[in-house]
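>>> whatever this is, show me its structure:
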Amino acid sequence: MCLEENALSESEQQQFRHIVRLLQSIYHFEFHQKLETLKDAYAPLNPSRDTRVQFDDDSDVDLLTSLDSLLNDANYDKLSEADLQLAMQQTSLFNLRLHVNFDDFEEVALYTRGESARREQVPRFMGLFPKEVVFRSYDRVVLFIRFSENLMANDFNQPGTTILKLFQNVPKDDVEMLFPNTRLGMRLVDKLILGVPAVVGGGVVLSTKVGASLILLGSLLGFYFGLRSDPVHLDQAALLALLAALGAFGSFIWRQFTKFKTRKLGFMQRLMENLYFRNLDNNAGVFHRLVDDAEEEECKEAILAYYFLLTRKEIRSQSLLDSAIESWFRSEWQADIDFEIVDALDKLRDLQLVELDEQGKLRAKNLEEGRGILDRRWDDYFTPDSEV
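Okay, the predicted model is just below:
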């Protein structure tokens, strides 16, 4: 994107590409160390590990703190408790009533990156009349959960373990569907759809098929318990009628139960379909994706800040640099971004690619200087005295 401007000569473009490759190699090397640290810290807590080694879980590394730092590098924001509770209270986009028992968790954290307006077809009236709705969704969501030690173990969780999940395109009002212990509940309209026909149908069955038999059955029970003295004559025809009535009533109850189970399974299928197509990765695999994201974000910030200071001589302050990059994205690429200028300049100072001149203005090292600085930094990683 930068080179498409043709602000650099052909030879300068080659030098710039070399600097970019060095930057990518440096950040890849440094983030590899972070990845190994996270994997080691997570190993004793990983419910899906496939190793036979008994890990020592008395690590000095706090997993959530290290993960929080990595997610910050990848430009994720932690979802506040207030935002999470607000999402729990909002109406579900997919017409589902969801419940999450937070007592099952010892620690919970949600991180999001990017927010977009999306359109989706949502089924209405038993799927016959779908409706297009517009809603806000998070582009990426990371879920961190540490299960309570007192939790009863099952096929989906183990007490004391920690799970990590990465999702995409999650509606803001439906983040509760991401939790592993989410339970489906019935909305009032669903209860009415099932309840009203059941009550009406039950009344019809009782009045037409079961009513007379119930009177006979009540008389038999009254005589048996001594509540009436007149004996009740139960012939074969009456017995068959009673059995037929009880069979009709049992059949009605079974049909209502089947309708309830069918509707519940439909809700569960809708929930599973949404989760299936939104899930990107799980547990240790999440670290690899996040490290890759963080490398990309760190590189892009450093490259953009260095390029703009190198090619736009009029930019010599932090505010002008921030404004120029954001305006460039808006006008050239139709994208509104909030560029993290402080983070970008901190990286350039750490890489020694930027300095302040005599007037206190920002100045980028030229391409030759920058290439030499990064070459030396890369070589220093592999000297005998370097820490690897």
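>>> now the strands for the protein?
Per DSSP state E, the chain carries strands over the ranges 77-78, 97-99, 105-122, 131-147, 162-171, 183-185, 279-282, 354-356, 362-364.
>>> closest to L345 out of those strands?
Smallest distance to L345 across those (Cβ to Cβ): 6.7 Å, for strand 354-356. (Glycine included, C-beta is placed from N, CA and C.)
>>> so what touches that closest one?
With contact meaning Cβ atoms under 8 Å, 6 or more residues apart in numbering, strand 354-356 is reached by 305-306, 309, 345, 348, 362-365.
>>> let's have the residues you listed in CSV, adding pLDDT, neighbour count and distance to L71.
What follows is the contacts of strand 354-356, written out as CSV (pLDDT from 0 to 100; neighbours: other Cβ atoms under 10 Å; distance: Cβ to Cβ, whole Å):
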residue, pLDDT, neighbour count, distance to L71
A305, 96, 28, 21
Y306, 96, 26, 24
L309, 95, 21, 28
L345, 95, 21, 21
L348, 95, 21, 22
L362, 93, 19, 29
R363, 92, 15, 33
A364, 93, 21, 29
K365, 94, 21, 31
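>>> and the furthest pair within the residues you listed?
L345 and K365 (13.5 Å).
>>> burial count for the residue nearest to K165 when sequence neighbours are not counted?
Once flanking residues are discounted, K165 sits nearest to L143: 4.5 Å by Cβ to Cβ, 6 or more residues apart in numbering. Applying other Cβ atoms under 10 Å, we find 21 residues neighbouring L143.
>>> how about the one 3 residues further on?
By the criterion of other Cβ under 10 Å, R146 has 17 neighbours.
>>> cool, and Y138?
Y138: 23 surrounding residues under other Cβ under 10 Å.
>>> just give the closest residue to D343, not the sequence neighbours.
Nearest to D343 is E301, by Cβ to Cβ, 6+ apart, at 6.0 Å.
>>> and that neighbour, what does it touch?
339-340, 343-344, 347.
>>> which of the strands of the chain has the lowest average pLDDT?
Of all those, the minimum mean pLDDT falls on strand 183-185 (a mean of 67).
>>> same list (the contacts of strand 354-356) but as CSV, adding distance to D62.
Formatted as CSV, those follow (distance: Cβ to Cβ, whole Å):
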residue, distance to D62
A305, 31
Y306, 33
L309, 37
L345, 29
L348, 29
L362, 36
R363, 39
A364, 37
K365, 37
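>>> just for the protein, where's the confidence low?
52-61, 91-97, 122-129, 153-157, 184-246, 248-249, 252, 256-257, 259-271, 385-388 (pLDDT under 70).
>>> please enumerate the helices of it.
10-42, 63-73, 81-89, 188-205, 211-224, 236-278, 284-311, 318-333, 341-351, 367-380 (DSSP state H).
>>> still on that earlier bit, in the sheet, who's paired with the residue nearest to K165?
Beta bridges link L143 to L110, K165 when assigned by DSSP bridges.
>>> please tell me how far it sits from Y307.
Using Cβ to Cβ, to the nearest Å, L143 is found at 36 Å from Y307.
>>> then L23?
Per Cβ to Cβ, L23 is found 11 Å from Y307.
>>> settle it for me: which of those two has more neighbours?
L23 (24 against 21).
>>> show me what contacts that one?
Applying Cβ under 8 Å, 6+ apart, we find L23 in contact with 299, 302-303, 351, 374.
>>> redo those as TSV? Include distance to R278.
Shown next, in TSV, are the contacts of L23 (distance: Cβ to Cβ, whole Å):
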residue	distance to R278
C299	27
A302	31
I303	31
L351	37
L374	39
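>>> list buried residues within those.
Burial by neighbour count, 16 or more other Cβ atoms under 10 Å: within these this picks out 299, 302-303, 351, 374.
>>> from those residues, which single one is nearest L290?
C299 (14.8 Å).
>>> circling back to that earlier point, could I get the strands of the chain as a markdown table with distance to L64?
Below are the strands of the chain laid out as a markdown table (distance: least, Cβ to Cβ, whole Å):
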| stretch | distance to L64 |
| --- | --- |
| strand 77-78 | 10 |
| strand 97-99 | 25 |
| strand 105-122 | 6 |
| strand 131-147 | 6 |
| strand 162-171 | 9 |
| strand 183-185 | 26 |
| strand 279-282 | 17 |
| strand 354-356 | 33 |
| strand 362-364 | 36 |
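>>> could you say which of these is packed most deeply?
Of all the strands of the chain, strand 162-171 has the most neighbours on average by mean count of other Cβ atoms under 10 Å, namely a mean of 20.
>>> which helices and strands sit right next to it?
strand 105-122, strand 131-147, helix 236-278, strand 279-282, helix 284-311 (3 or more Cβ pairs under 8 Å, 6 or more residues apart in numbering; DSSP states H and E).
>>> now the ones you listed as CSV including distance to T161?
Shown next, in CSV, are the helices and strands packed on strand 162-171 (distance: least, Cβ to Cβ, whole Å):
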stretch, distance to T161
strand 105-122, 10
strand 131-147, 6
helix 236-278, 20
strand 279-282, 13
helix 284-311, 12
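>>> quick one: closest of those to A335.
strand 105-122 (11.3 Å).
>>> neighbouring contacts of the closest one?
64, 68, 71, 74-79, 84, 93-95, 102, 130-149, 169, 171-172, 175, 178.
>>> just want the angle from it to helix 63-73.
Strand 105-122 and helix 63-73 are oriented at 40 degrees to each other (axes from the mean of the first three to the mean of the last three Cα atoms, to 10 degrees).
>>> now strand 105-122: how far from the chain's centre is it?
5 Å (Cα atoms, centre = their mean, to the nearest Å).
>>> could you do stretch 140-154 as well?
The answer for stretch 140-154 is 14 Å, by Cα atoms, centre = their mean.
>>> before we move on, what about stretch 355-374?
Distance, centroid of stretch 355-374 to centroid of chain: 41 Å (Cα atoms, centre = their mean).
>>> what does stretch 327-340 give?
What separates the centre of stretch 327-340 from the centre of its chain is 26 Å, taken as Cα atoms, centre = their mean.
>>> list of residues touching it?
1, 75, 301, 304, 308, 322, 325-326.
>>> fine by me, we can end here.
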